[in-house]
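model the structure of this input:
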Amino acid sequence: MGACRAHLTHTHAEHNGEREGNRMKAMNRNRRQRNMARILIVEDDADLSAVLDDCLRHEGYATGLAGTGVEALDLLSRGEYDVMLLDRDLPVLSGDEVMRTADRLRIPVRTLMLTAAGSIEDRVHGLDLGADDYLPKPFAYPELLARIRALLRRGDADDAPTVISRGRLSVDTVRRLAYADGRPLDLAPREYSLLEELLRADGGWINTRALLESLWPSEAHDQPDLVKTAVYSLRRKLPDPSLIASSRGEGYRIP
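Numbers count the residues shown, from 1 in each chain. Predicted coordinates for the structure are as follows:
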């Protein structure tokens with residue numbers, strides 16, 4: 001890990017044309033051996049991409065590389081990846097457009113957006129587009145790993161039902177679709193994620209802190225009003241706002 005920390009601070013130029021073929025062979029072999037998390041690295045900086053690739057494979061992840069937004073969407077369309085590390089500042093087809101297209105196509109991948117633009121406005125905009133988390137460059141390698149692990153915990157649904165229901169509400173976790181009384185709901189990505197978290201609690205209370213840490217990891221310590229705003233927005237799209245209960249000191253739940 002020490003070498004990766006140094007390399008991510010000062011990226012190196014180790015990169016060759018055989019990397020992709022060797023990577024795919026290794027990915028396929030490792031998948032047969034065990035259920036390995038798959039990470040797509042979407043980065044136009046070849047040096048940084050190579051360092052991330054080497055470091056994440058060293059951690060035991062299977063990886064794939066895309067240098068453009070078009071390549072990323074092509075790989076995502078195959079349903080191959082659990083987490084996407086997405087550079088927001090891609091040429092031609094930006095990271096924002098990749099997010100919009102992935103959301104429109106209902107591609108089920110957890111996304112960690114990486115960018116040199118680290119202002120609050122930039123982060124909020126990226127999250128509103130559907131990104132699950134946001135990490136400004138330059139970043140610390142241990143923090144990157146921690147955020148990847150958090151996304152995998154949220155996205156680990158291999159042994160869980162693909163449809164979660166309670167009362168009048170349900171979600172399809174594979175297609176990321178939501179329903180009320182069997183009718184589809186037109187939810188923004190963040191609203192869908194909030195509804196899924198509440199349904200997974202199976203009637204239990206989830207407090208504001210837990211929702212912040214799950215849905216807005218990078219904002220968890222300083223913007224508690226994000227949850228209140230998201231709940232208000234979600235309630236407006238439900239046939240009955242009381243389908244989401246709230247209690248001071250307890251949080252929120254679906255009765």
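
now the helices for this structure?
Assigned by DSSP state H, the chain shows helices spanning 2-9, 19-33, 46-58, 69-76, 95-104, 120-128, 141-155, 189-200, 208-215, 225-236.

avg pLDDT for the first one?
Right, the one you point to is helix 2-9. Helix 2-9 shows a mean pLDDT of 56 in the predicted model.

over to the last one?
What helix 225-236 shows for mean pLDDT is 90.

could I get the helices of the chain as CSV with mean neighbour count?
The way it works is simple: take the backbone N, C-alpha and C, and place the C-beta from them, glycine included. Formatted as CSV, the helices of the chain follow (neighbours: other Cβ atoms under 10 Å):
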stretch, mean neighbour count
helix 2-9, 14
helix 19-33, 12
helix 46-58, 19
helix 69-76, 19
helix 95-104, 19
helix 120-128, 16
helix 141-155, 16
helix 189-200, 21
helix 208-215, 18
helix 225-236, 16
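
format the ones you listed as CSV; extra columns: distance to residue 248.
Output for the helices of the chain, formatted as CSV (distance: least, Cβ to Cβ, whole Å):
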stretch, distance to residue 248
helix 2-9, 43
helix 19-33, 47
helix 46-58, 42
helix 69-76, 41
helix 95-104, 34
helix 120-128, 26
helix 141-155, 26
helix 189-200, 17
helix 208-215, 10
helix 225-236, 12
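
ranking these by mean pLDDT, which is last?
helix 19-33 (a mean of 42).

one step back: which among the helices of the chain is found nearest to residue 83?
Proximity to residue 83 (Cβ to Cβ) singles out helix 141-155 among those, at 5.1 Å.

name the helices or strands packed onto that closest one?
If you count contacts as 3 or more Cβ pairs under 8 Å, 6 or more residues apart in numbering; DSSP states H and E, helix 141-155 packs onto helix 2-9, strand 83-87, strand 110-115, strand 133-136.

then that helix to CSV, C-alphas only?
Provided in CSV are the C-alpha atoms of helix 141-155 (Å, rounded to 0.1, in the frame of the first residue of the first chain):
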residue,chain,number,x,y,z
TYR,A,141,-5.1,6.3,-1.4
PRO,A,142,-6.5,4.9,2.0
GLU,A,143,-9.5,7.2,1.6
LEU,A,144,-10.1,6.0,-2.0
LEU,A,145,-10.1,2.4,-0.7
ALA,A,146,-12.5,3.2,2.2
ARG,A,147,-15.0,4.8,-0.2
ILE,A,148,-14.8,1.8,-2.6
ARG,A,149,-15.5,-0.6,0.3
ALA,A,150,-18.4,1.6,1.4
LEU,A,151,-19.9,1.5,-2.1
LEU,A,152,-19.4,-2.3,-2.3
ARG,A,153,-21.2,-2.8,1.0
ARG,A,154,-24.2,-0.8,-0.3
GLY,A,155,-24.1,-2.6,-3.7
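
ok now it, how far from the chain's centre?
In terms of Cα atoms, centre = their mean, to the nearest Å, the centre of helix 141-155 is found 9 Å from the chain centre.

now swap in stretch 55-67 and tell me
16 Å.

would you mind writing the CA trace of it as PDB?
Extracted C-alpha coordinates of stretch 55-67, given in PDB (Å, rounded to 0.1, in the frame of the first residue of the first chain):
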ATOM      1  CA  CYS A  55      -2.900  -0.700  -7.000                       C
ATOM      2  CA  LEU A  56      -6.500  -1.900  -7.100                       C
ATOM      3  CA  ARG A  57      -5.500  -5.300  -8.600                       C
ATOM      4  CA  HIS A  58      -2.900  -5.500  -5.800                       C
ATOM      5  CA  GLU A  59      -5.800  -5.100  -3.300                       C
ATOM      6  CA  GLY A  60      -7.500  -8.100  -4.900                       C
ATOM      7  CA  TYR A  61     -10.000  -6.300  -7.200                       C
ATOM      8  CA  ALA A  62     -10.700  -7.200 -10.800                       C
ATOM      9  CA  THR A  63     -10.300  -4.100 -12.900                       C
ATOM     10  CA  GLY A  64     -11.100  -2.700 -16.400                       C
ATOM     11  CA  LEU A  65     -10.000   0.500 -18.000                       C
ATOM     12  CA  ALA A  66     -11.800   3.100 -20.200                       C
ATOM     13  CA  GLY A  67     -10.000   6.200 -21.400                       C
END
